[in-house]
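Colleague: Here is the input, now give the coordinates:
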Amino acid sequence: MCITTNITIKSTNHEHPLTLFLRQVSYICDACGTKGNHVAYACGTCNIIIHKNCISLPRIIKSKWHDHRLLHTYFHHIEDFGVLNCMICHDEVDTEHGSYYCSKCNVVFHVHCVTEDKRSYSIVSLENEDEIPYESSITVLESNDAGEATKIKHFKHIHNLMLSPFVGRYENRCDGCLLPISGPFYSCSFCAFFLHKACAELPKMKDVWHHLCREPLALISDKAFECLECLNLYNAFAYECCGCETKICLPCVIALTPGARTYLKHEHPLFYYREHKGKCNACGNTTERAFWCKDCNFVLHTDCFSLPITAHHKCDQHLLSLY
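Modeller: Below you'll find the model as predicted:
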């Protein structure tokens, strides 16, 4: 009896046919960037070799880890990215091999990190299929010549809000996240209501990768609550699960969104770790969760990371600078 082997196959993730590579040699898979020493498929035209299991990798996915679609590629140009760390594990991504990336945000993900949990992503079948974002929290009433919304209606406030420039004073706090106003913000001329521009632009629904229900969370503002992540009590905006009704404050939602954070007093990007035992370089207290730079072991509590660079104090007439 003869046994036939499918020597050449067509992959949905590669434009050329792939040929079965029968010799069992050690190699690095060009689709996922990890080692292999078993059966592989190769493309002679592109000079790539691929794990058998990686042949079926989807080209485009929608992941819980990121707000935009992620595309698979076999290599990157280093200059395309400011940070080459995987947005999930924070280890460096080898740009000479395959990974997933966001073309809008210029961030990358290890293949295995973003596809390990089959429930955390869905396959986008058509490359030109329109990406449907979650509904915006604002209605734009007026815009400037640059297309920036200068007058808006936010669905959680009864009055219209006007865009205001930040003038270097930290007297007001954002009603969304409760952090000091430190950048462009929207304000109400009838009542003391302020929103960071970034907080105002958050969608009504948001995917949160670390929530077990795996469903989008809804933006709320009318309930006092204890944050599921930081355990602090809030009376501000939050994202609430429609299933289990747990609530997560905006600072935690933002902190737990995968990505590098910049900090004026540190030269490297910082990544957020939900479990990190160490000592905060700002206040000296022990950390459980923190922003951390692996390169130089620089650690900051979430609260310390959010401190304004300058501030006023009632006992001093001069502006105080963070040092």
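
Colleague: which residues does residue 194 contact?
Modeller: Contacts for residue 194 (Cβ atoms under 8 Å, 6 or more residues apart in numbering) come out as 172-175, 181, 185-188. Any C-beta I mention is one placed from the backbone N, CA and C, and that applies to glycine too.

Colleague: Please name the bridge partners of it.
Modeller: Legend: beta-bridge partners of residue 194 under DSSP bridges are residue 187.

Colleague: Distance from the chain centre to whichever strand or helix holds residue 19, please.
Modeller: Element membership of residue 19, judged by DSSP states H and E, is strand 17-21. Computed by Cα atoms, centre = their mean, to the nearest Å, the chain-centroid distance of strand 17-21 equals 36 Å.

Colleague: Show me which of the contacts of residue 194 are buried.
Modeller: 174-175, 181, 185-188 (16 or more other Cβ atoms under 10 Å).

Colleague: Make JSON lines out of the residues you listed and add distance to residue 65 and pLDDT.
Modeller: Converted to JSON lines, the buried ones among the contacts of residue 194 look like this (distance: Cβ to Cβ, whole Å; pLDDT from 0 to 100):
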{"residue": "174", "distance to residue 65": "26", "pLDDT": "87"}
{"residue": "175", "distance to residue 65": "28", "pLDDT": "89"}
{"residue": "181", "distance to residue 65": "29", "pLDDT": "79"}
{"residue": "185", "distance to residue 65": "28", "pLDDT": "89"}
{"residue": "186", "distance to residue 65": "29", "pLDDT": "92"}
{"residue": "187", "distance to residue 65": "33", "pLDDT": "90"}
{"residue": "188", "distance to residue 65": "35", "pLDDT": "91"}
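
Colleague: Just give me the closest of those to residue 252.
Modeller: Each of these was checked against residue 252 using Cβ to Cβ; the closest is residue 174, at 14.7 Å.

Colleague: Relative to residue 256, how far out is the closest residue to the closest one other than its chain neighbours?
Modeller: Leaving aside its sequence neighbours, residue 174 sits nearest to residue 196 (Cβ to Cβ, 6 or more residues apart in numbering; 4.6 Å). For residue 196, the distance to residue 256 (Cβ to Cβ, to the nearest Å) stands at 18 Å.

Colleague: quick one: which of the two has more around it?
Modeller: Neighbour count, other Cβ atoms under 10 Å: between residue 196 and residue 256, residue 196 has more, with 23 against 18.

Colleague: Could I get the phi/psi values of residue 109?
Modeller: For residue 109, the backbone dihedrals (degrees, to the nearest 10) come out as phi -140, psi 140.

Colleague: Which strand residues bridge it?
Modeller: residue 100.

Colleague: Which residue ranges of the stretch 151-300 of the chain form strands?
Modeller: Shown for the stretch 151-300 of the chain, the strands assigned by DSSP state E, counting those that start in this stretch span residues 160-164, 185-187, 194-196, 205-206, 217-220, 225-226, 233-234, 238-241, 247-249, 271-273, 278-279, 286-287, 290-293, 298-300.

Colleague: OK, contacts around the spatially closest residue to residue 134 that is not a sequence neighbour?
Modeller: Nearest-residue entry for residue 134: residue 203, 3.9 Å, with adjacent residues in sequence omitted and distances by Cβ to Cβ, 6+ apart. Listed by Cβ under 8 Å, 6+ apart, the contact partners of residue 203 are 133-137, 219.
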